[in-house]
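A.B. asks: I would like the atomic coordinates for the input below:
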Amino acid sequence: MSGHEQRVAFSTELKQRRQNLLNDLPPDTVVLLRGASLVTRSNDTEYPFRQTSDFYYLTGINEPDAWLLMVSGKKPREYLFVLPRDAEQEVWHGRRLGTEQAGLISGIRQVYELNELNRKVLNALGQHRQLAWSFKVDSAQGQHRQRWLDKLAASRNLTTPGTLIDLDPLIHELRLFKSDYEIKLMRESAKIAVQAHRRAMSMCQPGRYEYQIAADIHHEFATQGTAGPAYGTICGSGENACILHYTENTSRLQEGDLLLIDAGCEYQGYASDITRTFPVGGRFSAAQKRMYSWVLKAQQAAIEHIKPGNTLPQAYKIAAKILTEGLIDLGVLSGSVSENMKSVAYRPYFMHGLGHWLGLDVHDVGAYKVNGEPRPLEPGMVLTIEPGLYIPPGTQCNELYQGVGVRIEDDILVTAQGHENLTRGVPVEIEDIEHLMQPGSFT
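C.D. replies: Numbers count the residues shown, from 1 in each chain. Below is the predicted model of the structure:
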C-alpha cells in the first residue's frame, strides 16, 4: 500500500469512528473533546508529546492543544481546531500541521485555527440542549468549559445545555472492539515486540546489567520505527522479579538467577505487552523448571479458555487452580487444592489479575462488567493473559524457590473461532528458550 493509500485508509477509518460515536448519541447533541497539551519536564523543557488516546482515536491528530467539536443528528457536523502555522515557533519547536494538513489526516472538512474556538463552541452550545464531554478533565480544560457556560448563562440570545452526557463510556466502548485496521497495527506492534524479546534472550549473559538488556529491547523498538516503549520496561533479575512494577533495572545479572522482562512497544499509537522469564545463564535449573512449568501450564490453560462467550474471571479461576496445585507441589502451601482455593491462599504469591484490555493504552479502556456481571468475550477484543508466581525471600519453603518470580504474558485477540496469540513468536517452552539463548541462535 502506497503512502497516499495509507493516508486515505486512515482518514476513512477515523471518519467511521466518529460516525459510530455520533450514532450512539441522541440527535442534536454537541460533542466537545480536547487533546493533550505539552507537559513540563523541568524548567523550560517538556516531555515528548503524547496525544490523549481518545482524541487520537477520533482525529488522528498528534499535536498539542487541539479541540474537536461535533454535532449529532441527520446532518452531523464536525469541526477541528488546531494550532496556527507560525514560522518563528516552528523554527524552534518543529513543524505544525496547520488547518490543511490536519484536515487531510482527520478527514474533517471544517478545520480552523484555535482563535476560532470560542466563537464556534459558544454558537454550538447555545443552540443545543445536550452536551457530551468527558466528566474527567484537568483544571485547564475545566476552566475553559466553565467560562463557556458562564457566558451562555449571561447571554440573552443563547441557552445553556440542560443535559450533560459523559463521553468517556461511549468512546471506550467503541475502543474495546478493534477494527480490521486496528488489528493490523496491533499485529505489527506485537511483531516488533516479539523481535525485541528474542533479542533480549539472545543477549542475556551473566555480568551484564538489567539496564543493558532494557537498552537492547529499546534499540529494537527504535530501529523498527516505533514511538518507543509503551510503558516502563521491567527487567527484574533474581529477587527483583518479585517486584511487580520494578523499573529501576540497575542490578547485575548473576549466573543461576532468572530474569523477568515485561516490555512492549507503541506502534502508530497501539501497544504490545509481553512478559517472559528465562535463566540468565541460558539453562534452567531443575527447581526453576519445576516452578516455571506450573506458570506455563496455568497460562496455556487460561489462553485455551479465551473464546467468544467465555469470561476473563472464568479464565482466572482456571489459572488460579493450577497455580494453587503448583504451590502445593513446591511446598509453599499445604492441604488440599479445594481448601486452598476456598481460602484464596494463593493470593500472596499470585496477587495480580490474569490480564487486561490492550489497545491504544497498555491498560486499555472498556468495561469489564455489563449490568454488574462479568463481560462475555467477543470477537475484536484484545487482552493479555499473564499468570505468575512470586515467592518472597523468607517464605517457609525450599530455599531454591525463595526470592524467585515467574510471569509469562501474551497478547490475545478474540476471534469468531476462538483466539489468536499475537505474541506467540517469543518462545515459552523450556527447550525452545534454552535453544534461543545459545550463541548464534538469534534470528
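A.B. asks: of all the residues in the longest helix anywhere in the chain, which ones are buried?
C.D. replies: Criterion DSSP state H: the longest helix present in the chain is helix 180-203. Buried residues in helix 180-203, counted by 16 or more other Cβ atoms under 10 Å: 182-183, 185-203. (C-beta placed from N, C-alpha, C; glycine too.)
A.B. asks: would you put the C-alpha positions of it in PDB?
C.D. replies: This file holds the C-alpha atoms of helix 180-203, laid out as PDB (Å, rounded to 0.1, in the frame of the first residue of the first chain):
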ATOM      1  CA  ASP A 180      -9.500  -4.700  11.000                       C
ATOM      2  CA  TYR A 181      -7.400  -1.600  10.600                       C
ATOM      3  CA  GLU A 182      -6.500  -1.600  14.300                       C
ATOM      4  CA  ILE A 183      -5.800  -5.300  14.400                       C
ATOM      5  CA  LYS A 184      -3.300  -4.900  11.600                       C
ATOM      6  CA  LEU A 185      -1.500  -2.300  13.600                       C
ATOM      7  CA  MET A 186      -1.600  -4.400  16.700                       C
ATOM      8  CA  ARG A 187      -0.100  -7.400  14.900                       C
ATOM      9  CA  GLU A 188       2.800  -5.200  13.800                       C
ATOM     10  CA  SER A 189       3.300  -3.800  17.300                       C
ATOM     11  CA  ALA A 190       3.300  -7.400  18.600                       C
ATOM     12  CA  LYS A 191       5.700  -8.500  15.900                       C
ATOM     13  CA  ILE A 192       8.200  -5.800  16.800                       C
ATOM     14  CA  ALA A 193       7.900  -6.600  20.500                       C
ATOM     15  CA  VAL A 194       8.500 -10.300  19.700                       C
ATOM     16  CA  GLN A 195      11.700  -9.400  18.000                       C
ATOM     17  CA  ALA A 196      12.800  -7.300  20.900                       C
ATOM     18  CA  HIS A 197      12.200 -10.100  23.400                       C
ATOM     19  CA  ARG A 198      14.000 -12.600  21.200                       C
ATOM     20  CA  ARG A 199      16.900 -10.200  21.000                       C
ATOM     21  CA  ALA A 200      16.900  -9.800  24.800                       C
ATOM     22  CA  MET A 201      17.000 -13.500  25.300                       C
ATOM     23  CA  SER A 202      20.000 -13.900  22.900                       C
ATOM     24  CA  MET A 203      21.900 -11.000  24.500                       C
END
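A.B. asks: and whichever helix or strand comes after it, what does it pack onto?
C.D. replies: Sequence order places helix 210-223 as the next helix or strand after helix 180-203, per DSSP states H and E. If contacts are counted by 3 or more Cβ pairs under 8 Å, 6 or more residues apart in numbering; DSSP states H and E, helix 210-223 sits against helix 180-203, strand 234-237, strand 258-263.
A.B. asks: where does the stretch 101-250 of the chain have low pLDDT?
C.D. replies: Along the stretch 101-250 of the chain, the model assigns pLDDT under 70 to residues 139.
A.B. asks: would you mind giving the secondary structure of the residue nearest the centre of the chain?
C.D. replies: Geometric centre of the chain, nearest residue: Val362, 1.3 Å, by Cα atoms, centre = their mean. Under DSSP: H, G, I helix; E, B strand; the rest coil, the three-state class of Val362 is coil.
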